[in-house]
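In: Next comes the sequence, and after it the predicted model I'd like to discuss.
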Amino acid sequence: MKIGKLRHRITLQAPALTQDSLGVVSETWSDTATVYAQIEAISGREFFDAARVSAEVTHRIRIRHRPGIVPAMRVLEGARTFDIRAALDVDGRKRELTLMCVERV
C-alpha cells in the first residue's frame, strides 16, 4: 500500500460497558488507535455486486494491518461515523486491512 493514498486520519473505537454511581450500565466507546486510511465510497456496480454478501456496505476503508479489529468496532473520521461490518486481510500477507463499513447518517 502506497502511503500517499492514506490521507484520512481515522480513529478506531471499541465498545465498552461502563457503570455509573447508581449501578446503571451503559455502552460507551473507547479509542483504540488513531491511524491513516484510504476511504472509498463503493460505486453503484460494486454495491450491487456486494448485495449478495451485505446490502448495507457503503464504504471501503483501507489501513495498514493491525490485529484486533472486529466488526463490533467503529471508525470516526472527523464528524463521520462508520460501523465496521467486516475486517478483511485481502491478500493474507498481514500488510493491509480492508474494512467494509456502513456510514451512519
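Out: Arrived safely, thanks for sending. Only a predicted model underlies this, so the values are computations on that prediction, with no experimental measurement involved.
In: Surely Ile69 touches Cys101?
Out: No - in this structure, Ile69 is not within contact of Cys101 by C-beta atoms under 8 Å, at 11.3 Å. To be clear about C-beta, it is placed using only N, CA and C from the backbone, and glycine gets the same treatment.
In: secondary structure element for the closest residue to Ala33 other than its chain neighbours?
Out: In this structure, Ala33 finds its nearest non-sequential neighbour in Leu12, 4.7 Å apart by C-beta to C-beta, 6 or more residues apart in numbering. Secondary structure assignment for Leu12, by DSSP states H and E: strand 8-19.
In: and the helix or strand just after that strand, average pLDDT?
Out: Downstream of strand 8-19, the next assigned helix or strand under DSSP H and E is strand 25-41. For strand 25-41, mean pLDDT rounds to 96.
In: what is the orientation angle of strand 25-41 with strand 8-19?
Out: If you take axes from the mean of the first three to the mean of the last three C-alpha atoms, to 10 degrees, strand 25-41 sits at 170 degrees to strand 8-19.
In: buried ones in strand 25-41?
Out: Under the neighbour-count criterion of 16 or more other C-beta atoms under 10 Å, strand 25-41 has Val35, Ala37, Gln38, Ile39 buried.
In: Quick check: the gap between Pro71 and Thr32.
Out: To Thr32, Pro71 is 14 Å away according to C-beta to C-beta, to the nearest Å.
In: how close does Tyr36 sit to Leu97?
Out: 13 Å.
In: what residues are shared contacts of these two?
Out: Shared contacts of Tyr36 and Leu97 (C-beta atoms under 8 Å, 6 or more residues apart in numbering): Ile63, Arg64.
In: intersection of neighbour lists for Ile69 and Cys101?
Out: Here Ile69 and Cys101 have Ile84 as joint contacts, going by C-beta under 8 Å, 6+ apart.
In: Neighbour count: these two, which is higher?
Out: Legend: neighbour count by other C-beta atoms under 10 Å for Ile69 and Cys101, higher for Cys101 (25 against 20).
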